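Peer 1: would you be able to build a 3D model of this:
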Amino acid sequence: MNLKPLHDRIIVEAAPKEEKTASGIILPDTAQEKPQKGTVLAVGPGKRLDSGQLAPVDVKPGDMVLYGKYSGTEVTVAAKDYVILRAEDVLAVLTAETAGVA
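Peer 2: Presented below is the predicted three-dimensional model:
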């Protein structure tokens, strides 16, 4: 990947959009919701505090995260879509037990 996040930003590969409902109804493109979870691909070094120290980011590459519906900036690099978020826009990290919930 040719993207390197700066400061407290993270790069997330969004999960694919749901094309079917739980009951099996196929959704057209216009009715599909924007994904709110994805896999962290890269993490910046952290936010610089007033004291000059770096505040580390709480997530690491490979984590599955939930983020706000309208959070971040969507970018396309080499025909792949990514979301660049601030660390504070991450709502939760999904663990193996909760991965099926969202």
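Peer 1: who does the residue nearest to the spatial centre of the chain bridge with?
Peer 2: Central residue of the chain (Cα atoms, centre = their mean): residue 12, 3.8 Å from the mean position. Counting by DSSP bridges, residue 12 is bridged to residue 40, residue 83.
Peer 1: how about the contacts made by it?
Peer 2: 38, 39, 40, 41, 65, 67, 72, 82, 83, 84, 85 (Cβ atoms under 8 Å, 6 or more residues apart in numbering). (Each C-beta comes from the backbone N, C-alpha and C, glycine too.)
Peer 1: and those, which are buried?
Peer 2: 38, 40, 41, 65, 67, 72, 82, 83, 84, 85 (16 or more other Cβ atoms under 10 Å).
Peer 1: just those now: which is nearest residue 50?
Peer 2: residue 85 (22.9 Å; Cβ to Cβ).
Peer 1: so where does that closest one fall, helix or strand?
Peer 2: Using DSSP states H and E, the element containing residue 85 is strand 80-86.
Peer 1: does anything pack onto that strand? Which helices or strands?
Peer 2: strand 9-14, strand 73-77 (3 or more Cβ pairs under 8 Å, 6 or more residues apart in numbering; DSSP states H and E).
Peer 1: now the strands for this structure?
Peer 2: 9-14, 37-43, 47-48, 54-55, 64-67, 73-77, 80-86, 90-94 (DSSP state E).
Peer 1: just name the most buried of the helices and strands packed on strand 80-86.
Peer 2: strand 9-14 (a mean of 22; mean count of other Cβ atoms under 10 Å).
Peer 1: so where is this protein shaky, pLDDT-wise?
Peer 2: 1, 16-22, 26-35, 96-102 (pLDDT under 70).
Peer 1: could you redo the last one with a cut-off of 50?
Peer 2: Residue ranges of the chain with pLDDT under 50: 102.
Peer 1: may I see the strands of the chain organised as a markdown table, with distance to residue 2 added?
Peer 2: Listed next are the strands of the chain as a markdown table, based on distance: least, Cβ to Cβ, whole Å:
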| stretch | distance to residue 2 |
| --- | --- |
| strand 9-14 | 11 |
| strand 37-43 | 10 |
| strand 47-48 | 23 |
| strand 54-55 | 24 |
| strand 64-67 | 22 |
| strand 73-77 | 6 |
| strand 80-86 | 10 |
| strand 90-94 | 23 |
